[in-house]
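Colleague: below is the sequence, then the predicted model.
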Amino acid sequence: MFTKTLASIFALFFMAILVLVSASLPAAAAKGGRHNSAATSSGFTLVVLNSTDGLAHWGGQVTFAVSTTATTEPHVSLQCSQNGVLVYSAQTGFYAGYLWPWTQVMTLSSTAWSGGSGDCVATLYDFSGADVVSLGTLSFTAYP
């Protein structure tokens, strides 16, 4: 009984830390991200998977086609909200050596997002030491 309670508390603590870190990445990129002085080219597009109409939907899956000369290790953070409330957050790396490549396919649902449309913002970013450098953003609607 005690170990189940302890495991549950640890799991909740880990999830809270994960949400806080994922929520801070785009904000850090937007506020304190420094800009590269060298000319670089960055871009990324939304790739909607398993959609009959080509649009992103709640419960559907998306990924991104990433192209950048700014870094060899680009990352994408995706956050979706409903009525201004964050209901989905994910981040992943888009490069060959990324250790968790299965996270590059994101399912647009969560325990906080049980249905309906969502306003989503994806941020392409890079780590430069302790700094998060924003390389671009992309907004889209996830339809019901």
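Modeller: Good, I have the coordinates. Residues are numbered from 1 along each chain as shown.
Colleague: next one: stretch 65-78 to chain centre, how far?
Modeller: 12 Å (Cα atoms, centre = their mean, to the nearest Å).
Colleague: please apply the same query to stretch 66-85.
Modeller: For stretch 66-85, the distance to the chain centre is 5 Å (Cα atoms, centre = their mean).
Colleague: please apply the same query to stretch 100-108.
Modeller: Relative to the centre of its chain, stretch 100-108 is centred 9 Å away, using Cα atoms, centre = their mean.
Colleague: what mean pLDDT does that stretch have?
Modeller: Regarding stretch 100-108, the rounded mean pLDDT is 98.
Colleague: grab the CA positions of that stretch and hand them over as PDB.
Modeller: Below are the C-alpha coordinates for stretch 100-108, written out as PDB (Å, rounded to 0.1, in the frame of the first residue of the first chain):
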ATOM      1  CA  TRP A 100      13.000   9.300 -28.800                       C
ATOM      2  CA  PRO A 101      12.000   9.500 -32.500                       C
ATOM      3  CA  TRP A 102       8.500   8.000 -31.800                       C
ATOM      4  CA  THR A 103       7.600  11.300 -30.100                       C
ATOM      5  CA  GLN A 104       7.900  13.100 -33.500                       C
ATOM      6  CA  VAL A 105       4.300  11.900 -34.100                       C
ATOM      7  CA  MET A 106       2.000  13.800 -31.800                       C
ATOM      8  CA  THR A 107      -1.600  12.800 -31.000                       C
ATOM      9  CA  LEU A 108      -3.800  15.800 -30.500                       C
END
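Colleague: which other residues reach it?
Modeller: Residues from elsewhere that reach stretch 100-108 (Cβ atoms under 8 Å, 6 or more residues apart in numbering): 49, 56-64, 78, 80, 88, 90, 92-94, 98, 118, 120, 142. Glycine gets a C-beta too; all of them are placed from N, C-alpha and C.
Colleague: ok, 6 Å please
Modeller: 58, 60-63, 78, 90, 92, 142 (Cβ atoms under 6 Å, 6 or more residues apart in numbering).
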